[in-house]
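[1] got a structure for you, letters missing:
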């Protein structure tokens with residue numbers, strides 16, 4: 001018999017892993033502490049520090065008030081503070097640092113743009129990081145390409161590595177290649193650094209916290225398919241420690257509308273083109289982030305692999321229609337209940353119940 005599940009089965013589909021990297025003195029660890037609310041010390045060559053934050057979503061708050069579930073689960077972002085390895089001479093990324101970076105789903109490069117005895121040059125630091133990632137990926141691609149030719153691998157695989165090699169030799173990141181040219185699922189095991197989404201944080205002084213990215217830097221970020229965000233880590237750390245009631249006035253004085261964590265999450269979601277669908281019920285109300293354009297069967301797999309494997313149909317009600325109606329029953333009576341197949345493109349705010357049989 002088909003079963004209808006909310007999210008009684010579990011997996012970790014609500015978590016995004018973001019690795020913070022940066023040259024010595026960039027303020028990377030201060031940014032990490034600001035985003036996570038932790039107070040870890042600055043270290044070099046040590047272990048990775050981790051901190052997890054919930055992704056605010058007023059829709060989850062509203063649904064939770066209606067269903068009064070035993071548990072409310074927000075999407076989450078886990079930040080990893082990757083220990084600095086460069087030192088004053090920027091000698092390059094060590095093998096250990098490279099592996100720590102490869103373990104992340106999203107890379108966040110912190111660039112210093114505040115008064116500093118060593119005369120910060122954000123553009124130079126961006127180029128240095130980009131070059132190291134390109135060279136690290138190129139070494140892997142060339143090695144695998146040589147082996148593929150010796151082993152007489154499939155022409156499709158050889159062509160893909162040739163394409164990546166040409167892209168990297170042109171100093172372009174692999175993430176610049178569209179899905180129509182590179183089928184990434186075949187190469188996910190290689191953990192290419194330049195295929196990771198890249199968010200660049202320009203860490204400025206308090207007086208420049210509300211100014212936009214410099215045009216030249218913004219243009220360069222577009223060239224390397226990266227997104228940019230401006231913040232002042234030192235002052236944002238102060239804001240994070242303030243009483244929430246006092247934050248709006250302080251932010252307004254700086255010309256800002258919300259704390260850094262909100263701006264960071266919104267920028268990251270835009271970079272990754274993420275949306276959220278919801279599962280609801282008396283046991284749990286939960287947000288599930290997915291890539292825009294994800295089909296219903298794959299979205300079900302975010303909840304649990306069994307739901308994807310045995311997928312039959314998805315019962316779908318849009319969030320706005322649900323809230324306007326006030327309940328699932330009323331939404332159905334108003335004609336806003338849909339039964340969708342595996343190829344349905346899940347929309348932002350969809351409330352899903354998955355019918356499956358395994």
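    Here it is on my side, so go on. These figures come from a predicted structure and were not determined experimentally. Numbers count the residues shown, from 1 in each chain.
[2] Bridge partners for residue 54, pull those for me.
    With DSSP bridges applied, residue 54 shows beta-bridge pairing to residue 76.
[3] which residue ranges form the strands in the stretch 1-150 of the chain?
    Along the stretch 1-150 of the chain, the segments classed as strands by DSSP state E, counting those that start in this stretch run 3-5, 15-21, 49-54, 71-73, 76-81, 106-113.
[4] Ok, which of these comes nearest residue 258?
    strand 49-54 (13.9 Å; CB to CB). (Glycine included, C-beta is placed from N, CA and C.)
[5] coming back round to it: could you redo the strands of the stretch 1-150 of the chain as JSON lines and give each row mean neighbour count?
    Putting these into JSON lines (neighbours: other CB atoms under 10 Å) gives the following:
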{"stretch": "strand 3-5", "mean neighbour count": "15"}
{"stretch": "strand 15-21", "mean neighbour count": "21"}
{"stretch": "strand 49-54", "mean neighbour count": "16"}
{"stretch": "strand 71-73", "mean neighbour count": "15"}
{"stretch": "strand 76-81", "mean neighbour count": "22"}
{"stretch": "strand 106-113", "mean neighbour count": "24"}
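[6] In a markdown table: these, plus distance to residue 293 and mean pLDDT.
    Shown next, in a markdown table, are those (distance: least, CB to CB, whole Å; pLDDT from 0 to 100):
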| stretch | distance to residue 293 | mean pLDDT |
| --- | --- | --- |
| strand 3-5 | 23 | 45 |
| strand 15-21 | 17 | 90 |
| strand 49-54 | 25 | 94 |
| strand 71-73 | 24 | 96 |
| strand 76-81 | 21 | 94 |
| strand 106-113 | 18 | 94 |
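[7] Rebuild those strands as JSON lines, extending it with distance to residue 284.
    Formatted as JSON lines, the strands of the stretch 1-150 of the chain follow (distance: least, CB to CB, whole Å):
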{"stretch": "strand 3-5", "distance to residue 284": "11"}
{"stretch": "strand 15-21", "distance to residue 284": "16"}
{"stretch": "strand 49-54", "distance to residue 284": "14"}
{"stretch": "strand 71-73", "distance to residue 284": "5"}
{"stretch": "strand 76-81", "distance to residue 284": "14"}
{"stretch": "strand 106-113", "distance to residue 284": "26"}
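[8] how near is the residue nearest to residue 38 when sequence neighbours are not counted to residue 264?
    Spatial nearest neighbour of residue 38, excluding adjacent residues (CB to CB, 6 or more residues apart in numbering): residue 51 at 4.9 Å. Distance, residue 51 to residue 264, by CB to CB, to the nearest Å: 13 Å.
[9] same thing with residue 284?
    Distance of residue 284 to residue 264, computed by CB to CB: 26 Å.
[10] What are the structural domain limits within this protein?
    15-120+193-272, 293-356 (automatic domain parsing).
[11] By mean pLDDT, show me the worst of those domains.
    Mean pLDDT across these is lowest at domain 15-120+193-272; the value there is a mean of 88.
[12] how long is it from one end to the other?
    Using CA to CA, to the nearest Å, the span of domain 15-120+193-272 from its first residue to its last is 13 Å.
[13] Residue 328 is in contact with residue 322, correct?
    Yes - look at residue 322 against residue 328 with CB atoms under 8 Å: they come within range, at 7.0 Å.
[14] So for those two, which sits in the more crowded spot?
    When residue 322 and residue 328 are compared on other CB atoms under 10 Å, the one with more neighbours turns out to be residue 322, at 25 against 19.
[15] which element is that one on?
    In this assignment (DSSP states H and E), residue 322 forms part of helix 319-325.
[16] list the helices and strands that helix packs on?
    Applying 3 or more CB pairs under 8 Å, 6 or more residues apart in numbering; DSSP states H and E, one finds that helix 319-325 makes contact with helix 58-67, helix 328-333, strand 350-356.
[17] again, 10 Å this time
    helix 58-67, strand 274-279, strand 311-318, helix 328-333, strand 350-356 (3 or more CB pairs under 10 Å, 6 or more residues apart in numbering; DSSP states H and E).
[18] what does the first one rub up against?
    Spelled out, that is helix 58-67. Contacts with helix 58-67, where a contact means CB atoms under 10 Å, 6 or more residues apart in numbering, come from 6, 54, 57, 69, 71-75, 276, 278-287, 319-320, 322-323, 326-328, 348-349, 351.
[19] related to what we said a few turns ago, so the residue nearest to residue 38 touches residue 80, yeah?
    Yes - contact criterion CB atoms under 10 Å: residue 51 and residue 80 qualify, at 8.2 Å.
[20] Sweet, I'm off.
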